[in-house]
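J.: Sequence and predicted model, in that order:
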Number of protein chains: 2
Amino acid sequence: MSVSVKDVAARAGVSVGTVSNVLNTPAKVAAETAERVHRAIAELGFVRNDAARQLRAGTSRSIGFVVLDVGNPFFTDLVRAAEERAAESGLAVLIANSGEQQAREAAGIDLFEEQRVRGVLVSPVGEISERLERLRSRGTPAVLVDRVASTPGFSSVSVDDVAGGRLAARHLLEGGRRRLLFVGGPLDLEQVRDRLQGARDAVAAVTGATLEALPIGALTVRHGVDAGREILAMPEPPDAVFAANDLVALGVLQAVGLLGGLRVPDDLAIVGYDDIEFAASAGVPITSVRQPRDRMGATAVDLLLAEIDGATERSRIVLQPELVVRASSAGR
Amino acid sequence: MSVSVKDVAARAGVSVGTVSNVLNTPAKVAAETAERVHRAIAELGFVRNDAARQLRAGTSRSIGFVVLDVGNPFFTDLVRAAEERAAESGLAVLIANSGEQQAREAAGIDLFEEQRVRGVLVSPVGEISERLERLRSRGTPAVLVDRVASTPGFSSVSVDDVAGGRLAARHLLEGGRRRLLFVGGPLDLEQVRDRLQGARDAVAAVTGATLEALPIGALTVRHGVDAGREILAMPEPPDAVFAANDLVALGVLQAVGLLGGLRVPDDLAIVGYDDIEFAASAGVPITSVRQPRDRMGATAVDLLLAEIDGATERSRIVLQPELVVRASSAGR
DNA sequence: GCGACGCTATGAAACGATTCAACACCAGCG
DNA sequence: CGCTGGTGTTGAATCGTTTCATAGCGTCGC
């Protein structure tokens, strides 16, 4: 069907080995010969078959990234940072979207394994070290992203979500808020649990302050809107909302603003999480807990590359979040 | 290194052909034999090598999608829709981000060709039919997305951007605006030129109305912010802005709102394009021209699949946009 | 004039899964 | 008993690239 090295070799009047050398080790080939081969390649429209190349090499030139939600700008930024770092080492990044579903996450990992990727980056939905353990035992290293490894066997890059939750809640408390509501879910997500835990810690330190939790099915704008509706219907609404991420915060803001009843930040303060670009341009610019996503993506790739190159020690890198204060949480 | 069918065959006491049959045509294998093979697979942790499979098959089970900007939710939605439809046919979607750069677009296409993808979806930066022509002449069909094919040889799915521009400008004019400013670029992008052209048409029909154009380097929030700054510095600022997409609109809104001077929509009306989810939750909810992204993604895959299956006729499908009116463009 | 060396080029082997013609075996039938 | 047809299984050939041991050839130094 398609043009192969054999055809090129015939056309240029050389052997297949020489064609391969022109492609991979040009230094070994006489200039005049190389020229002839290049001409044949151009004339025939030869394109390398990566499958054959990879079969021979025994491994691909790519790594896989299983992402929680590609619709979330936080993750696209993460992917971009990872891609950039991987490209420096000549590796491509394959993307699989788990959509917060364990089954799709597993399917993505299986797919990557069949592709013989060099390694896998995962921002996991639930508990998957067992599956990753199997993966690694067959020679494919994995690094957890946005999540602390629960077993010592894996490296991970994450942000201290408990600290982030504490930052957010403390900020709200300092602004005079006392009836806090945490909006986030599903609670399978460790990130969600940790942020809630951090908020609990901060609230416990202030007498008279309370914290309720409103669980939702996914961290999306839509679910945030639904939560906002529920808040409006509450007999005794909270005076502050801490949303598990910015998408949810945007949804809540939109709902309470559009459907009336509550003014932000006067009646209701809102703090989000991730500091995605859209948080700043929201109706009321949203205060958010910023995660160093560029550094996370790059560091994750670094750890993975180290492991690919045979490093045996594992690192659990925990980066610190930082609070970006905007109008949505002004004190009163 | 890794476990192959040969190892599995040895362990199960059968031939490699039988292992392959268990995997691909289980009906041909006796139940008891299949059972034995499956046990061997589990014990050895065998994972199919996709490269070998693909080499033999001569083609992959995936299609490629070269996207203009993965950071733009419009495109992630497009990709999601395409993925869904492709999955129904058992095809995976590989993603390459061109970031509005011709060189990266070309690199993405080359990569896909080496992978022997079944077909390619492209939302092209500039004029690339020549490159796609070559691609197709070697057996890989391509379909243009978000862009009308300029040569009859290619199918395309797009939205009538001239109509969209007309919709936006007409709406602003009907709201009493007369000094319109178009913010968008680079003008290499046909989408941008068309939207501008539509606006020009609408403005020409109204005496006394003017339309200036403020070119920017890319369709991002950042560039929108810069444009907003320029607007604030104008001696005779416009009374309405038509932004080439929602990211730019968000940037303009953010800049003129934050840096003061102009109130939206009182002093300055804003209309965006794409109707991404964040447009609705913006500071002032943004009026936008909505494109049917789900239908675009699915239709593009359908056209590509048809061409892969040997269809020879080409279709240029042009969908109609629709205006979603929100607060940012209220008349006066 | 001869051996050694460097520079090029060669072509067969290998990677791992799939395919397919060929074969073994058995049951049923005449 | 021989033949037919069906069911299971085999193993060699194949896909396209890279690698590597080998060899051809000219040049240089002695």
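T.: Thanks, I have it. The model shown is predicted, which means the values in this text are computed figures rather than measured ones.
J.: Contact residues of the stretch 101-250 of chain A facing DNA strand D?
T.: For the stretch 101-250 of chain A, no residue is in contact with DNA strand D (Cβ under 7 Å from any atom of the strand). To be clear about C-beta, it is placed using only N, CA and C from the backbone, and glycine gets the same treatment.
J.: Residue A:55 belongs to a helix?
T.: Yes: counting by DSSP: H, G, I helix; E, B strand; the rest coil, residue A:55 is part of a helix.
J.: hang on, it packs against residue B:49?
T.: Yes: taking contacts as Cβ atoms under 8 Å, residue A:55 lies within contact range of residue B:49: 7.0 Å.
J.: Please state the offset of stretch A:309-317 from the chain centre?
T.: 20 Å (Cα atoms, centre = their mean, to the nearest Å).
J.: Find the residue closest to the residue nearest in space to the middle of chain A in space, skipping its chain neighbours.
T.: What sits nearest the mean C-alpha location of chain A, by Cα atoms, centre = their mean, is residue A:75, with 3.9 Å. Among residues not flanking residue A:75 along the chain, residue A:67 sits closest, at 4.9 Å (Cβ to Cβ, 6 or more residues apart in numbering or on different chains).
J.: any residue of stretch A:33-48 up close to DNA strand D?
T.: Yes: Stretch A:33-48 is in contact with DNA strand D by Cβ under 7 Å from any atom of the strand, via A:46, A:48.
J.: Show me which positions of that stretch end up buried.
T.: A:33, A:34, A:36, A:37, A:38, A:40, A:41, A:44, A:46, A:47, A:48 (16 or more other Cβ atoms under 10 Å in any protein chain shown).
J.: The host helix or strand of the second one near DNA strand C anywhere?
T.: Read it as residue A:34. If you go by DSSP states H and E, residue A:34 is part of helix A:31-44. Yes: contact of helix A:31-44 with DNA strand C (Cβ under 7 Å from any atom of the strand) involves A:32, A:33.
J.: Render the CA-only coordinates of that helix in CSV, please.
T.: Below are the C-alpha coordinates for helix A:31-44, written out as CSV (Å, rounded to 0.1, in the frame of the first residue of the first chain):
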residue,chain,number,x,y,z
ALA,A,31,26.8,13.4,1.2
GLU,A,32,26.2,12.4,-2.4
THR,A,33,24.4,9.2,-1.4
ALA,A,34,22.3,11.0,1.2
GLU,A,35,21.3,13.5,-1.4
ARG,A,36,20.2,10.7,-3.7
VAL,A,37,18.2,9.1,-0.9
HIS,A,38,16.5,12.3,0.0
ARG,A,39,15.5,12.9,-3.6
ALA,A,40,13.9,9.4,-3.7
ILE,A,41,12.1,10.1,-0.5
ALA,A,42,10.7,13.3,-1.8
GLU,A,43,9.7,11.8,-5.2
LEU,A,44,7.9,8.8,-3.7
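J.: now that helix: mean pLDDT?
T.: What helix A:31-44 shows for mean pLDDT is 95.
J.: Residues touching that helix, excluding its own?
T.: Applying Cβ atoms under 8 Å, 6 or more residues apart in numbering or on different chains, the contact partners of helix A:31-44 are A:3, A:7-8, A:11-14, A:18-19, A:22, A:26, A:29, A:46.
J.: what ranges do the strands span in chain A?
T.: A:62-67, A:92-97, A:120-122, A:142-145, A:155-159, A:179-184, A:210-215, A:240-243, A:269-274, A:287-290, A:316-319, A:322-324 (DSSP state E).
J.: In CSV: those, plus mean neighbour count.
T.: As requested, the strands of chain A are exported to CSV (neighbours: other Cβ atoms under 10 Å in any protein chain shown):
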stretch, mean neighbour count
strand A:62-67, 26
strand A:92-97, 20
strand A:120-122, 27
strand A:142-145, 28
strand A:155-159, 25
strand A:179-184, 26
strand A:210-215, 16
strand A:240-243, 31
strand A:269-274, 30
strand A:287-290, 25
strand A:316-319, 16
strand A:322-324, 16
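J.: Out of the ones you listed, which gets nearest to residue B:113?
T.: The closest of the strands of chain A to residue B:113 is strand A:92-97. By Cβ to Cβ, the value is 13.9 Å.
J.: rewinding a little: gap between the residue nearest to residue A:75 and residue A:297?
T.: 11 Å (Cβ to Cβ, to the nearest Å).
J.: What distance do you get for whatever residue of chain A ends up closest to DNA strand C to residue A:39?
T.: Per Cβ to the nearest atom of the strand, residue A:17 is where chain A lies closest to DNA strand C, at 2.4 Å. Distance, residue A:17 to residue A:39, by Cβ to Cβ: 18 Å.
J.: and what of residue A:290?
T.: For residue A:290 relative to residue A:39 (Cβ to Cβ), the value is 55 Å.
J.: which residues sit in contact with the residue nearest to residue A:168 when sequence neighbours are not counted?
T.: In this structure, residue A:168 finds its nearest non-sequential neighbour in residue A:271, 4.5 Å apart by Cβ to Cβ, 6+ apart. The contact partners of residue A:271, by Cβ under 8 Å, 6+ apart, come to A:168, A:171-172, A:240-243, A:249, A:286-289, A:328-329.
J.: 7 Å - rerun?
T.: The neighbourhood of residue A:271, defined by Cβ atoms under 7 Å, 6 or more residues apart in numbering or on different chains, consists of A:168, A:171, A:172, A:242, A:243, A:287, A:288, A:329.
J.: Point out where the stretch 1-150 of chain A drops to low pLDDT.
T.: A:1 (pLDDT under 70).
J.: Can you name the residues of the stretch 1-150 of chain A sitting close to DNA strand C?
T.: Residues of the stretch 1-150 of chain A lying near DNA strand C (Cβ under 7 Å from any atom of the strand): A:13-18, A:21, A:28-30, A:32-33, A:52, A:55-56, A:58.
J.: Just the buried ones out of these, please.
T.: A:14, A:18, A:21, A:29, A:33, A:52, A:55.
J.: Check which residues of stretch A:187-200 are buried.
T.: Here stretch A:187-200 shows A:189, A:190, A:191, A:192, A:193, A:194, A:195, A:196, A:197, A:198, A:199, A:200 as buried, counting by 16+ other Cβ under 10 Å.
J.: Relative to the whole chain's centre, how far out is that stretch?
T.: The chain centroid and the centroid of stretch A:187-200 are separated by 17 Å under Cα atoms, centre = their mean.
J.: for stretch A:53-69, same thing?
T.: 18 Å.
J.: and it with DNA strand D, contact?
T.: Yes: Stretch A:53-69 reaches DNA strand D (Cβ under 7 Å from any atom of the strand) through A:53, A:55, A:56, A:57.
J.: I'd like those residues laid out as a markdown table, including distance to residue A:89.
T.: What follows is the residues of stretch A:53-69 next to DNA strand D, written out as a markdown table (distance: Cβ to Cβ, whole Å):
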| residue | distance to residue A:89 |
| --- | --- |
| A:53 | 18 |
| A:55 | 22 |
| A:56 | 20 |
| A:57 | 15 |
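J.: All good on my end, thank you.
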